[in-house]
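Enquirer: prediction below, plus the sequence it came from.
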Amino acid sequence: MNVIKYFPVRSVVWAIVVFMAALFIFAILYVSLGWPALAIINQFQQQFNLGDNANNVLEFLKYTFLLSGIIVVIGLIMWLYINTRKREVLTYGV
């Protein structure tokens, strides 16, 4: 059984490199933008009496932002699995 036929080395390496780069970039953005965004939402909720509906919207935004990390990581893992299972190497004619 030819392993190269089922896992083309070039496309697997490229997919892993893109996966790691995307994960690194997302982690940097998530950490650098996450804490200030959550701090602003918390400060906004504490300073202003907005009512139940507005507080529910802010809570929804906060939890959506917190869960976005898990959603992106699952999406990247799915993308990596799909792109490493391709049987042929994608080439684009010039």
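Expert: Looks like it arrived, so ask away.

Enquirer: what comes up buried for the longest helix seen in the chain?
Expert: Assignment by DSSP state H gives helix 9-47 as the longest helix of the chain. Neighbour counts over helix 9-47 (16 or more other C-beta atoms under 10 Å) mark S11, V12, A15, F19, A22, F26, Y30 as buried. Heads up, the C-betas are built off the backbone N, CA and C, glycines and all.

Enquirer: show me what secondary structure element comes after that helix.
Expert: Next in sequence after helix 9-47, counting helices and strands by DSSP states H and E, comes helix 52-84.

Enquirer: buried set for that following helix?
Expert: Here helix 52-84 shows V72, L76, L80, N83, T84 as buried, counting by 16+ other C-beta under 10 Å.

Enquirer: please name the nearest non-neighbouring residue to the third one.
Expert: In this case it means L80. Residue nearest to L80 in three dimensions, not counting chain neighbours: F19, with 4.5 Å by C-beta to C-beta, 6 or more residues apart in numbering.

Enquirer: what's the answer for the fourth one, then?
Expert: In space, and not counting its chain neighbours, N83 is closest to A15: 4.0 Å by C-beta to C-beta, 6+ apart.

Enquirer: how close does the one you found get to I25?
Expert: 16 Å (C-beta to C-beta, to the nearest Å).

Enquirer: for F65, same thing?
Expert: Taking C-beta to C-beta, one finds F65 at 17 Å from I25.

Enquirer: next: I82.
Expert: Distance from I82 to I25, counting by C-beta to C-beta: 20 Å.
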